[in-house]
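> one predicted model, sequence on top.
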Protein chains: 2
Amino acid sequence: MPKHIDVTELILRDAHQSLMATRMSMEDMIPACADLDQAGYWSVECWGGATFDSCIRFLNEDPWERLRTFRKLMPNTRLQMLLRGQNLLGYRHYEDHVVERFVQKAAENGMDVFRVFDALNDIRNLRCAVAAVKQSGKHAQGTICYTTSPLHTTAQFVAMAQRLQDLGCDSICIKDMAALLKPHAAYEIVKGIKETCGRDVRVQVHTHSTTGVTLVSLMKAIEAGADCVDTAISSLSLGPGHNPTESLVEMLDGTGFTTSLDKQRLLNLKHYFNKVRPRYVEFLSNITGVETEIFNSQIPGGMISNMETQLKQQGAGDRMQEVLEEVPRVRKAAGYPPLVTPSSQIVGTQAVFNVLMGRYKVLSAEFADLMLGYYGATIGARDPELVEQAAKQAKKQPIDIRPADLLKPEWQELRTAAIEQEGCDGTDEDVLTYAMFPQVASKFFATRNQGPKNLGKDPQMKAAVAPAQLAGAANGAAREPVTYDVRVNGNSHRVTVSPV
Amino acid sequence: MPKHIDVTELILRDAHQSLMATRMSMEDMIPACADLDQAGYWSVECWGGATFDSCIRFLNEDPWERLRTFRKLMPNTRLQMLLRGQNLLGYRHYEDHVVERFVQKAAENGMDVFRVFDALNDIRNLRCAVAAVKQSGKHAQGTICYTTSPLHTTAQFVAMAQRLQDLGCDSICIKDMAALLKPHAAYEIVKGIKETCGRDVRVQVHTHSTTGVTLVSLMKAIEAGADCVDTAISSLSLGPGHNPTESLVEMLDGTGFTTSLDKQRLLNLKHYFNKVRPRYVEFLSNITGVETEIFNSQIPGGMISNMETQLKQQGAGDRMQEVLEEVPRVRKAAGYPPLVTPSSQIVGTQAVFNVLMGRYKVLSAEFADLMLGYYGATIGARDPELVEQAAKQAKKQPIDIRPADLLKPEWQELRTAAIEQEGCDGTDEDVLTYAMFPQVASKFFATRNQGPKNLGKDPQMKAAVAPAQLAGAANGAAREPVTYDVRVNGNSHRVTVSPV
């Protein structure tokens, strides 16, 4: 009997976050839920910081309502979310009671599996969230953010897995957000975890496909004993997204491993999302194909485009190469943090500052906090001169305690502020939404009763480019006549353009 | 010391054949030759049937001159070509002397490695070409066309390798033209060949990436002992093309295998072809992403688009599903040939005939020949009733001898016909060009002195869509204003369209 390999489907969260700027509306997800629920996945990832943010910022959707709908439409499959440890879904540390309340409410609304990570791999930032998940009787997945540096060794990742196990995590996730996990490293780390933490510890591997090698890494991780892997339906896969679910299934044929996924359901899903994708053409990632230069810079694709924007705004669009070379230096000075939200933005912005204004002439407030320990501990020592400079600039002392230990209880204060907002319904869910994104939540509460906005259906965009033509454009070729609304001197014309 | 894995770079032949309809001009290849020559490839594939055809049909380029130029610009690297056995680069069987003359001339003009295949895997169709390559002192690579069917087993492929070795081949290629080669099968076949034919037999693996699993297959083939694999620079890779060279290099990191390729050269090549690709936007493949349905139908992507065209011409564009289901039946009736030029076209066209006119109401002339053995032997028995029907229709008897044994010496006749053409220079090279593609060659000889045509530079196309804008289109988004030449009522207007 081949060994069963579990699969987590990413299409409802990380796939569209990585490939279409997290813009997919609930309306476009609902028709896929029956197939997703019946295909045989171990879990369907469907919630996280960016999807929550996008719901209230762009889609006028209540993310809690989205979660309850998923629960109703997928009764047979675990729902999974990504949680930024003590940051929850936001960008700051929250006091423990808020963390506990958030987890409890997410569990009550239907969440089954909580993948908890910290951008610095500081395990103290995971402790409270993991305990809250256990308290709710749900699955707590402790996460190792994978990165490479002179200090990141197999032994170090295995030791972190051991500490996650000691925290009481139900499983360990190796999270490779920048597609840096090569096959041999995947094999060694999974093998090391299984040998050290026991064959029974459940190991899941999350990779992106940017560098083109990570389906091989999943194969090697499975050979080393991984129990579950993350993939996305092919029509929303590859590039900065993930390996295709269908390819994973076929890859294992004859190998002694099997997913038992229902191929017909996968095919239905593929065809369905093939139709959805072109509706969001204006949000589609610019990156296609593979990018192996990331192995040198360790800079994820999304971070590069952020830095490009910053440089252009300063009229220095030609200095990208200097910034790319500066990033590894800044990362070293900061003690080699993994580059993932928010550390990727903090390191990237400081590298831009260094190139534009001279090295460390100015520290961003966030970089100063990072240097002073206010995001937690890093694996490497931080540059002592820069720590001193940060302390002076920020007028704060460096800390080595858990950052959230500095926080006072804040639930009542958050609650009071939330219910003052027009349209806030006074539930804990609304308070939590407000706690995560105060300004955006305030605007969302006021407009919530206007109902969801499907950006894939925006009438202006639909008039400009019809789906069939978008599909052609996405393939890089205009083989058919294309009709545009063209404005010349303020007058609108319907014009058809054919290949010459 | 890690084991050295050789690499054949496909960018100058199969990559642009698979992704941009074989249209890349020599002018766009020349600037890449220095990097290709210095990167450390075992060989650079640069010649084959489609590139030869495209040279004289579309590009007004002498393919022999192209070969000589490659030889001059890449003095340190083996040049490699794909040869259709007794068909050479054409679509019919040639008499042995023509085969010998072609191989001799290709060798004289600079070819080093001849990958010789037969669409039916009939080894008798390889014999003459392989002997001619050996006679020229060059590298003869015997090829197994990989396919799947109830009759295609590991043992059967290994036995074919043994027979290729007995023919005197310098190496064995497993040619997976439809991306059907899964990791486990790759491992088993390579291992079987190494065990049966000896560890010293050189095994090379060629895969396409259509199904998304074949980089894993290359990994497993390498683990099983493969000596050399085929890849293409990332900017012309994936989809119906090939696995990216850079990903192969990175994949092997730490595994006990290494390519020793020069990463800086690969990066130069990536950036260079990134600039070339958008110039050919109108020829770019429609297929992006992965297609795992091919595992069921065994139908390569190019064949599907051919059949779609045939159906549409008959006003039956809605009957594709029936045809897709008919192909495996026709393939079975024909004795399970691999589907590759020309068997893919023959089987596909007959499936279309069956759907449109009733099953085997009409046989195409080529299908009748296939059933009667005029292309060679197939692995399975052919349907006896259809063989009888084919014999009646074609007024020919079935044969079981090598098809070329029926042919009379034809070199003098071909030579006489060729030199009668306006512009033929009387060389053996011109005679061979005429022998391959008589009508196209005749036209080419007459226009040759007008010099090469670079379709990536076609002024009409360039005016219509500028490169920077094409790059945007290829990524599926028009984020920048785009300028078009638009014809309305026969009048041409220059119009700029901006995102609304």
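Yep, that arrived. Residues are numbered from 1 along each chain as shown, chains lettered A, B, ... in the order given.
> quick one, strands of the stretch 151-300 of chain A?
A:171-176, A:202-207, A:228-231, A:257-258 (DSSP state E, counting those that start in this stretch).
> swap in chain A?
Applying DSSP state E to chain A gives strands spanning A:3-4, A:6-9, A:43-47, A:78-83, A:113-116, A:139-145, A:171-176, A:202-207, A:228-231, A:257-258, A:482-488, A:491-497.
> not counting its own residues, what contacts the second one?
So the one you mean is strand A:6-9. Contact with strand A:6-9 is made by A:36, A:39-45, A:80, A:204, A:206, A:227-233, A:245, A:248, A:259, A:261, as judged by CB atoms under 8 Å, 6 or more residues apart in numbering or on different chains. Backbone N, C-alpha and C define where each C-beta goes, glycine included.
> of the strands of the stretch 151-300 of chain A, flag the one that's most buried.
Most buried of the strands of the stretch 151-300 of chain A, by mean neighbour count (mean count of other CB atoms under 10 Å in any protein chain shown): strand A:228-231, with a mean of 27.
> related to what we said a few turns ago, any chance of the strands of the stretch 151-300 of chain A in TSV with distance to chain B as columns?
Formatted as TSV, the strands of the stretch 151-300 of chain A follow (distance: least, CB to the nearest CB, whole Å):
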stretch	distance to chain B
strand A:171-176	13
strand A:202-207	13
strand A:228-231	10
strand A:257-258	10
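> what does the pLDDT read for the nearest residue to residue A:127 once chain neighbours are set aside?
Nearest non-adjacent residue to residue A:127, counting by CB to CB, 6 or more residues apart in numbering or on different chains: residue A:167, 6.2 Å away. You'll see residue A:167 listed with a pLDDT of 97.
> tally of neighbours for residue A:167?
17 (other CB atoms under 10 Å in any protein chain shown).
> please apply the same query to residue A:250.
Neighbour tally, residue A:250, other CB under 10 Å: 22.
> and if you look at residue A:293?
Around residue A:293 there are 15 residues (other CB under 10 Å).
> swap in the one 5 residues further on?
Other residues near residue A:298 number 20, with proximity taken as other CB under 10 Å.
> how far away is residue A:287 from chain B?
8 Å (CB to the nearest CB, to the nearest Å).
> what does residue A:253 give?
5 Å.
> ok, now which ones touch that residue?
Counted by CB under 8 Å, 6+ apart, residue A:253 has contacts B:182, B:184.
> tell me the pLDDT at it?
pLDDT recorded at residue A:253 is 97.
> quick check: the gap between it and residue B:219.
15 Å (CB to CB, to the nearest Å).
> quick one: the helices in the stretch 51-200 of chain A?
A:63-73, A:96-108, A:124-135, A:154-167, A:183-197 (DSSP state H, counting those that start in this stretch).
> make a markdown table out of those and add distance to residue A:374.
Shown next, in a markdown table, are the helices of the stretch 51-200 of chain A (distance: least, CB to CB, whole Å):
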| stretch | distance to residue A:374 |
| --- | --- |
| helix A:63-73 | 28 |
| helix A:96-108 | 17 |
| helix A:124-135 | 11 |
| helix A:154-167 | 21 |
| helix A:183-197 | 29 |
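> out of those helices, flag the one nearest residue A:439.
Nearest to residue A:439 among these is helix A:63-73 (15.9 Å), distances taken as CB to CB.
> can you list the buried residues in that closest one?
A:63-64, A:66-67, A:69-70, A:73 (16 or more other CB atoms under 10 Å in any protein chain shown).
> any idea of the angle it forms with helix A:96-108?
For helix A:63-73 against helix A:96-108, the angle between stretch directions is 30 degrees (axes from the mean of the first three to the mean of the last three CA atoms, to 10 degrees).
> what helices and strands are in contact with helix A:63-73?
helix A:26-29, helix A:33-38, strand A:43-47, helix A:49-57, strand A:78-83, helix A:428-436 (3 or more CB pairs under 8 Å, 6 or more residues apart in numbering or on different chains; DSSP states H and E).
> let's go with 10 Å and repeat that
helix A:26-29, helix A:33-38, strand A:43-47, helix A:49-57, strand A:78-83, helix A:96-108, helix A:428-436 (3 or more CB pairs under 10 Å, 6 or more residues apart in numbering or on different chains; DSSP states H and E).
> any chance of the ones you listed in CSV, with mean neighbour count and mean pLDDT too?
Putting the helices and strands packed on helix A:63-73 into CSV (neighbours: other CB atoms under 10 Å in any protein chain shown; pLDDT from 0 to 100) gives the following:
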stretch, mean neighbour count, mean pLDDT
helix A:26-29, 18, 97
helix A:33-38, 18, 98
strand A:43-47, 26, 98
helix A:49-57, 22, 96
strand A:78-83, 24, 98
helix A:96-108, 21, 98
helix A:428-436, 24, 98
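> out of the ones you listed, the one nearest chain B is which?
helix A:33-38 (15.9 Å; CB to the nearest CB).
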